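Undergrad: please find the sequence and the predicted model below.
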2 protein chains.
Amino acid sequence: MSHTLGARQAQKQKTRQALLDAALRLLEHQSLSSLGLREVTREVGVAPAAFYRHFRDMADLGVALVEESFGSLHAMVRDIRDEQAETDEVIRRTVEVIARYVRQHRTHFRFLARERHGGVARVREAIAVEFQRFAEELASDLADQPESDGWAPEDVRMLADLYVNLMVMTATAFMEAPPDEPEVERQIANAARRQLLLINLGRRHWNRG
Amino acid sequence: MSHTLGARQAQKQKTRQALLDAALRLLEHQSLSSLGLREVTREVGVAPAAFYRHFRDMADLGVALVEESFGSLHAMVRDIRDEQAETDEVIRRTVEVIARYVRQHRTHFRFLARERHGGVARVREAIAVEFQRFAEELASDLADQPESDGWAPEDVRMLADLYVNLMVMTATAFMEAPPDEPEVERQIANAARRQLLLINLGRRHWNRG
DNA sequence: CTCGTGGGCGAACGACTGTTTACCGAATGA
DNA sequence: TCATTCGGTAAACAGTCGTTCGCCCACGAG
């Protein structure tokens, strides 16, 4: 069982988490491929050799960070999906949730944006897989909606990809905005809402316009 | 004058270009922040100290690569903008031009995608400036079209951002596709065309839907 | 023809890197 | 209680790195 793990494994996972946290902190101002093993252990305060007790190399740690990042991201979309309301209200809430998520998990999202096309192949592939699963889930949700009646499955998937990309684009814009400027955030949110609105308009007129 | 530069400066620009080419070649499998000065000079076949005759540091070389990359990218949009035809034909040609551009300048575009959110601040900022100029030009073009009658300037800019983002997304998909699989490329092109179509649909119904 | 400019070279520097080794000592299970 | 497992340590290894320093010598201006 796992709910009562010994003090031994507890301490191990504690330093493992410390390594992940330190790495994420350092990755705020550099990319994974330039982040050194010694740099991370120095930040935590452990010997360099201790690193190997938890990860094979830095790419391994990177993949672990991908899982961690997508964990909180899935929580975000669950928030969005569970909302049930009028279309305009759904849009408003969606953008709001994205903004809040980015504010609360800035480092996680910056890591994903930076390493999505970054220099470490294994991490790149891990992120690609997760985003793909993401789009598939959204496509499955969209297919169940009455607005998708008569839509070809490939068109639903196309729409899902469009939504995912818009979400990434919006989150990236929030991420790059200075954290202490609510006016900039309001502008980004406004543009995102209108873009969602325009896409929904196109969606309603897709078959027979 | 510049059309008759001595053999002295000619040789200098030749090695400078060799450094840029070598860097771009090496950046195919790593990111700028992990690319070493010695690595580049070794690839070219010159002494490490020679690097300083052309660039202050690697970030300097990075912004030079940004300018080079956007040079050919501007040529691409000029190709697209000069096309004048029916809407569906414009869409078809647009996606085709993007595909061809990515095929011919794969390394340049991969560099932009990788460093857009990468670990080198100066390069990131240079790319952001160029993309912003990009969206502004497109917005100015869109405003002149009859379809934009009665549109608020901020809505036109919103639409331009949507188009730019879709272009980047499509080009990235082409870039990540294996170069010798025309079937995958056809699928990407097909999805991109339908996404453009859907956005155009929303655009037509923007005021009074 | 002569002389100064400047691109490229080789060598050296101190600092830092990833990885391996043997070892310590506390938590663990019998 | 005793033997064992194992997370963490210190030290050393061979490389690589960015940067600086004279020096060379082909080129270009006078």
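TA: On my side now, so go ahead.
Undergrad: and the helix or strand of chain A with the lowest mean pLDDT, what's buried?
TA: One helix or strand of chain A scores below all others by mean pLDDT, DSSP states H and E: helix A:58-82, with a mean of 91. Neighbour counts using 16 or more other Cβ atoms under 10 Å in any protein chain shown place A:58-59, A:61-66, A:68-70, A:73, A:76-77, A:79-80 of helix A:58-82 among the buried residues. Heads up, the C-betas are built off the backbone N, CA and C, glycines and all.
Undergrad: can you list the domains in chain A?
TA: Per the record, chain A has its domains at A:7-55, A:57-204, by automatic domain parsing.
Undergrad: which of those domains is buried the deepest?
TA: domain A:57-204 (a mean of 17; mean count of other Cβ atoms under 10 Å in any protein chain shown).
Undergrad: show the end-to-end separation of it, please.
TA: Start-to-end span of domain A:57-204 (Cα to Cα, to the nearest Å) is 49 Å.
Undergrad: before we move on, back to that, tell me which strands and helices the least confident helix or strand of chain A is in contact with?
TA: Applying 3 or more Cβ pairs under 8 Å, 6 or more residues apart in numbering or on different chains; DSSP states H and E, we find helix A:58-82 packed against helix A:7-26, helix A:37-44, helix A:87-104, helix A:106-115, helix A:121-144.
Undergrad: closest to A:Asp180 out of those helices?
TA: Between A:Asp180 and the helices and strands packed on helix A:58-82, the shortest separation by Cβ to Cβ is 11.2 Å, and it involves helix A:87-104.
Undergrad: and that closest one, average pLDDT?
TA: Helix A:87-104 shows a mean pLDDT of 93.
Undergrad: tell me which residues are up against it.
TA: The contact list for helix A:87-104 (Cβ atoms under 8 Å, 6 or more residues apart in numbering or on different chains) reads A:72-73, A:76, A:79-80, A:83, A:85, A:109, A:167, A:170-171, A:174-175, A:179, A:185, A:188-189, A:192-193, A:196-197, A:200.
Undergrad: give me that answer again for 7 Å
TA: Contact with helix A:87-104 is made by A:76, A:79-80, A:83, A:109, A:167, A:170-171, A:174-175, A:185, A:189, A:192-193, A:196-197, A:200, as judged by Cβ atoms under 7 Å, 6 or more residues apart in numbering or on different chains.
Undergrad: ok, and the closest non-adjacent residue to A:Val46?
TA: A:Thr15 (6.5 Å; Cβ to Cβ, 6 or more residues apart in numbering or on different chains).
Undergrad: one more: A:Ala126?
TA: In space, A:Ala126 is closest to A:Val66, 4.5 Å off (Cβ to Cβ, 6+ apart).
Undergrad: residues touching that neighbour, list them.
TA: By Cβ under 7 Å, 6+ apart, the contact list for A:Val66 reads A:Val123, A:Ala126, A:Ile127, A:Glu130.
Undergrad: try A:Leu32
TA: A:Leu32 makes contacts with A:Met58, A:Gly62, A:Glu115, A:Gly118, A:Val120, A:Val123, as judged by Cβ under 7 Å, 6+ apart.
Undergrad: and it, how far from A:Arg186?
TA: From A:Leu32 over to A:Arg186 the distance is 33 Å, taken as Cβ to Cβ, to the nearest Å.
Undergrad: before we move on, what about A:Ser140?
TA: Going from A:Ser140 to A:Arg186 by Cβ to Cβ gives 33 Å.
Undergrad: repeat for A:Leu196
TA: Distance, A:Leu196 to A:Arg186, using Cβ to Cβ: 16 Å.
Undergrad: swap in A:Val168?
TA: 20 Å.
Undergrad: spell out which parts of chain A neighbour DNA strand C.
TA: Contact residues, chain A versus DNA strand C (Cβ under 7 Å from any atom of the strand): A:6-9, A:36-39, A:48-49, A:51-52, A:57-58.
Undergrad: measure A:His54 to A:Ala113 for me?
TA: Using Cβ to Cβ, A:His54 is found at 25 Å from A:Ala113.
Undergrad: return the residues of chain A in contact with chain B.
TA: A:30-31, A:33-34, A:113-114, A:117-119, A:155, A:158, A:161-162, A:165, A:169, A:191, A:194-195, A:198-199, A:201-203, A:205-206, A:209 (Cβ under 7 Å from any Cβ of the partner chain).
Undergrad: tell me the pLDDT at A:Ala50?
TA: 98.
Undergrad: so who does it touch?
TA: Listed by Cβ under 7 Å, 6+ apart, the contact set of A:Ala50 reads A:Thr41.
Undergrad: on that earlier part again, can you add distance to DNA strand D and give the domains of chain A back as TSV?
TA: Below are the domains of chain A laid out as TSV (distance: least, Cβ to the nearest atom of the strand, whole Å):
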stretch	distance to DNA strand D
domain A:7-55	3
domain A:57-204	13
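Undergrad: make a markdown table from the ones you listed and add distance to B:Leu20 to it.
TA: Below are these laid out as a markdown table (distance: least, Cβ to Cβ, whole Å):
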| stretch | distance to B:Leu20 |
| --- | --- |
| domain A:7-55 | 20 |
| domain A:57-204 | 18 |
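Undergrad: for DNA strand C, what is the nearest residue in chain A?
TA: For chain A, the residue closest to DNA strand C is A:Gly6, as judged by Cβ to the nearest atom of the strand, at 2.3 Å.
Undergrad: got the phi/psi numbers for that residue?
TA: phi -60, psi 170 (degrees, to the nearest 10).
Undergrad: before we move on, back to that, right, and the pair among the residues of chain A next to DNA strand C with maximum separation?
TA: For these, the farthest-apart pair by Cβ to Cβ is A:Gly6 and A:Gly36; their separation is 32.1 Å.
Undergrad: shaky segments in chain A?
TA: Applying pLDDT under 70 to chain A flags residues A:1-4, A:208-209.
Undergrad: how far away from the center of its chain is stretch A:36-47?
TA: 26 Å (Cα atoms, centre = their mean, to the nearest Å).
Undergrad: what sits up against that stretch?
TA: A:Thr15, A:Ala18, A:Leu19, A:Ala22, A:Ala23, A:Arg25, A:Leu26, A:Pro48, A:Ala50, A:Phe51, A:Met58.
Undergrad: if we ignore the residues flanking it in sequence, what's nearest the fourth one?
TA: So that's A:Ala22. A:Glu43 (4.0 Å).
Undergrad: next one: the fifth one
TA: Distance criterion Cβ to Cβ, 6+ apart; nearest residue to A:Ala23, sequence neighbours excluded, is A:Val40 at 5.1 Å.
Undergrad: nothing else from me, thank you.
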